[in-house]
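J.: Quick one, fold the following:
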Amino acid sequence: MRPVPAAVRDVVARAFADLGRIDVIVNNAGYGLFGAAEELSDQQILDQINTNLVGPIQVTRAVLPHLREQGGGRIIQLSTYGGQATNPGASLYNASKFGVEGFMESLAVRERFAPGPPRDPSRRRLEVEQALQVAHVDFRFTSGLREIGSSSDTERSISP
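T.: Numbers count the residues shown, from 1 in each chain. Next comes the predicted model:
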């Protein structure tokens, strides 16, 4: 069995090769795991984090180089209210969804001000400060009930 990140990259590469261009990527993996944190098994915890957090991260990492190469595209990351508010008995579910929210928000800031491979770390603080001052960000994303950008935005555009 191939490691998951390699398998994801292979499927994404084949899809772009077969289709030539893909303009929209939809990340919609996830399931709910509810119960007291101390009563969940180690395997349940790993499955929850791998599905709800690691999966979307791996798909996003795999598609970004292709989107840059073709001159742009969109990533739509579906999430849930559970990524912004907690519920009793949903600590692992909330942790996984808060994680994907944080990853996508961080990616939006980086793509807006430093697209492409990571740049000089000394520029990072300035880029984040600039991002926080922007009223309207060109990289739009709807996740659960919270949006980045204007209230009509529904997606995050990734451009070179």
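J.: helices or strands next to the helix ranked longest in the chain in the packing?
T.: Among the segments of the chain that qualify as a helix by DSSP state H, the longest is helix 91-113. On a contact count with 3 or more Cβ pairs under 8 Å, 6 or more residues apart in numbering; DSSP states H and E, helix 91-113 meets helix 42-49, helix 55-70, strand 73-77, helix 121-133, strand 141-143, strand 146-148, strand 156-158. Heads up, the C-betas are built off the backbone N, CA and C, glycines and all.
J.: what angle do it and helix 55-70 make?
T.: Here helix 91-113 runs at 20 degrees with respect to helix 55-70, directions being taken by axes from the mean of the first three to the mean of the last three Cα atoms, to 10 degrees.
J.: Tell me the buried residues in helix 91-113?
T.: Residues of helix 91-113 classed as buried under the neighbour-count rule (16 or more other Cβ atoms under 10 Å) are 91-101, 103-105, 107-113.
J.: pLDDT on it, on average?
T.: Over the span of helix 91-113, the pLDDT mean works out to 85.
J.: can I get the CA coordinates of it in PDB?
T.: This file holds the C-alpha atoms of helix 91-113, laid out as PDB (Å, rounded to 0.1, in the frame of the first residue of the first chain):
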ATOM      1  CA  SER A  91     -13.400  17.800  21.300                       C
ATOM      2  CA  LEU A  92     -11.600  15.800  18.600                       C
ATOM      3  CA  TYR A  93     -14.000  16.800  15.900                       C
ATOM      4  CA  ASN A  94     -13.600  20.400  16.800                       C
ATOM      5  CA  ALA A  95      -9.800  20.100  17.000                       C
ATOM      6  CA  SER A  96      -9.700  18.700  13.500                       C
ATOM      7  CA  LYS A  97     -12.000  21.300  12.100                       C
ATOM      8  CA  PHE A  98     -10.300  24.200  13.900                       C
ATOM      9  CA  GLY A  99      -7.100  22.800  12.300                       C
ATOM     10  CA  VAL A 100      -8.300  22.900   8.800                       C
ATOM     11  CA  GLU A 101      -9.700  26.400   9.300                       C
ATOM     12  CA  GLY A 102      -6.300  27.600  10.500                       C
ATOM     13  CA  PHE A 103      -4.400  25.900   7.700                       C
ATOM     14  CA  MET A 104      -6.600  27.400   5.000                       C
ATOM     15  CA  GLU A 105      -6.600  30.900   6.600                       C
ATOM     16  CA  SER A 106      -2.800  30.800   6.800                       C
ATOM     17  CA  LEU A 107      -2.500  29.600   3.300                       C
ATOM     18  CA  ALA A 108      -4.700  32.400   2.100                       C
ATOM     19  CA  VAL A 109      -2.500  35.000   3.700                       C
ATOM     20  CA  ARG A 110       0.600  33.400   2.300                       C
ATOM     21  CA  GLU A 111      -0.800  33.100  -1.200                       C
ATOM     22  CA  ARG A 112      -2.000  36.700  -1.200                       C
ATOM     23  CA  PHE A 113       1.400  38.100  -0.200                       C
END
